[in-house]
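**Student:** Sharing a model prediction with you, sequence too.
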Amino acid sequence: MNKIRLIGCEEALNRLFDYLDHELDETRRTEVEQHLKICRSCYSRAEFEKRLKGRLTAVGTEPPSDEFGRRIRALLGGF
Amino acid sequence: MKSDPEDRAFFEQSVVQLLDRLFGAALRLTRNRADAEDLVAEAVAKAWAQFAALRDRNCFRGWLFRILTNTFLSACRRPHTVSIEALAEAEADCEGEAAFSIFERLHQPFLLWWDGGPEQDFLNKVLREDIERALDALPEAFRLVVVLNDLEGFSYQEIADMLGVPVGTVRSRLSRGRSALQKALWEQARDAGLSAPKPESADPRSVEHTEGGSL
Ligand SMILES: [Zn+2]
């Protein structure tokens, strides 16, 4: 792991979505986490974006109708 | 294809497990239930036809969503819709536009006494239907990456592989898609008179959501 630097708000916000999407390497992730611990504003921003992302994730699941469920089972049954 | 009963059982079980997610993604891609049903059925049939070529069963989910995505994008399915050029155009339209952030519009750093703050209050009032509507309004190039990442949880690399574009393109489309999504949510709320970031609206009961939920 590389040396952890202190980063400012601008850099933290630039990395925020990569951070929330789990796309950062360990060093860069730790740097963001350190900043969120000491900066109330960026912490609030991160909490907001995380919650909004959670709301989006919930939309990704939608039970199909019973009729369609039967259609898919019939399709699978024919394989 | 000669079907091995064990293959068949694995395939069937995996599809059934993923069905709510497949349908959720398909619904946001096609934006209507009938097309979403046809898309899922077609993708499942194609997946079975190609199943023997899947080497690592741990990759089943990504593999199946890739087939779903490609089926959605295939030109023959939707003769009138979006080509690569149209995707590029949608991106160019957003060029130079600053990212839109609901948080930046609403956050009031000095309102420390207000639990959660106006931005959390905003999220409390946003309904699933509002999010669906905002998603449906996104240009397809952006909607696709937002669906695959935010809704279905695929990594930038997985999405890049599915769409055959560089990771950097996924990242930039995602960021523009999110910005456009937040803008749409913001405008929907504004039009419904919901977004006034004033302390007197701190009590969620004081700002009623539109009847039936749709803004
Ligand atoms: Zn900060």
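**Tutor:** Here it is on my side, so go on. Note that the structure is a prediction, hence the values are computed from the model and not measured.
**Student:** and the closest residue to the ion within chain B, helix, strand or coil?
**Tutor:** Closest residue of chain B to the ion, C-beta to the ion: B:Pro109 (10.9 Å). C-betas here are computed from N, CA, C, even on glycine. For B:Pro109, the assignment made with DSSP: H, G, I helix; E, B strand; the rest coil gives coil.
**Student:** residue closest to the middle of chain B?
**Tutor:** B:Val147 (2.4 Å; C-alpha atoms, centre = their mean).
**Student:** Look at the residue lying closest to that one once chain neighbours are set aside and report its pLDDT.
**Tutor:** With C-beta to C-beta, 6 or more residues apart in numbering or on different chains as the criterion, B:Val147 has its nearest non-adjacent residue at 5.0 Å, and that residue is B:Arg28. Per-residue confidence (pLDDT) for B:Arg28: 97.
**Student:** Can you tell me the element B:Arg28 falls in?
**Tutor:** helix B:5-30 (DSSP states H and E).
**Student:** which sections of chain A are below the confidence cut-off?
**Tutor:** A:1 (pLDDT under 70).
**Student:** how deep is A:Arg5 tucked in, by neighbour count?
**Tutor:** By the measure other C-beta atoms under 10 Å in any protein chain shown, the count of residues near A:Arg5 is 11.
**Student:** rewinding a little: check contacts around the residue nearest to B:Val147.
**Tutor:** For B:Arg28, the contacting residues are A:59-60, B:132, B:135-136, B:143, B:147, B:151, by C-beta atoms under 8 Å, 6 or more residues apart in numbering or on different chains.
**Student:** Most neighbours among those residues, which one?
**Tutor:** Counting neighbours by other C-beta under 10 Å, B:Val147 leads those with 27 neighbours.
**Student:** Touching, that residue and A:Gly60? I think so.
**Tutor:** Yes - under the contact definition of C-beta atoms under 8 Å, B:Val147 touches A:Gly60, with a separation of 7.2 Å.
**Student:** anything in contact with each of the two?
**Tutor:** B:25, B:28.
**Student:** Which helix or strand contains A:Ile4?
**Tutor:** Using DSSP H and E, A:Ile4 falls outside every helix and strand.
**Student:** again with B:Ala36
**Tutor:** Element membership for B:Ala36 (DSSP H and E) is helix B:33-50.
**Student:** Just after that helix, pick out the following helix or strand.
**Tutor:** helix B:60-73.
**Student:** Now tell me which helix or strand of chain B has the poorest mean pLDDT.
**Tutor:** helix B:84-93 (a mean of 62; mean pLDDT, DSSP states H and E).
**Student:** Could you check how far A:Tyr19 is from A:Leu52?
**Tutor:** As judged by C-beta to C-beta, to the nearest Å, A:Tyr19 and A:Leu52 stand 14 Å apart.
**Student:** Residue numbers of chain A in contact with chain B?
**Tutor:** A:17-18, A:21-23, A:40-41, A:44-45, A:47-49, A:51-53, A:55-65, A:68-69, A:71-73, A:75-76, A:79 (C-beta under 8 Å from any C-beta of the partner chain).
**Student:** tell me the contacts of whatever residue of chain B ends up closest to chain A?
**Tutor:** Distance from chain A to each residue of chain B (C-beta to the nearest C-beta) is smallest for B:Leu151, at 3.1 Å. Applying C-beta under 8 Å, 6+ apart to B:Leu151 gives the contacts A:56-57, A:59-60, B:24-25, B:28.
**Student:** Apart from its neighbours in sequence, what residue is nearest B:Met162?
**Tutor:** In space, and not counting its chain neighbours, B:Met162 is closest to B:Arg66: 4.4 Å by C-beta to C-beta, 6+ apart.
**Student:** so that neighbour touches B:Asp161, yeah?
**Tutor:** Yes - counting by C-beta under 8 Å, B:Arg66 touches B:Asp161, with 7.4 Å between them.
**Student:** which one of these two has more residues nearby?
**Tutor:** B:Arg66 (21 against 15).
**Student:** Next one: that one from B:Cys59, what distance?
**Tutor:** For B:Arg66, the distance to B:Cys59 - C-beta to C-beta - is 9 Å.
**Student:** How many neighbouring residues does B:Ser3 have?
**Tutor:** Neighbours of B:Ser3 (other C-beta under 10 Å): 13.
**Student:** Please work out how many residues are found near the residue lying closest to it once chain neighbours are set aside.
**Tutor:** Computed as C-beta to C-beta, 6+ apart, the closest residue to B:Ser3 that is not its neighbour in sequence is A:Phe79, at 6.0 Å. Number of residues near A:Phe79 (other C-beta under 10 Å) recorded here: 16.
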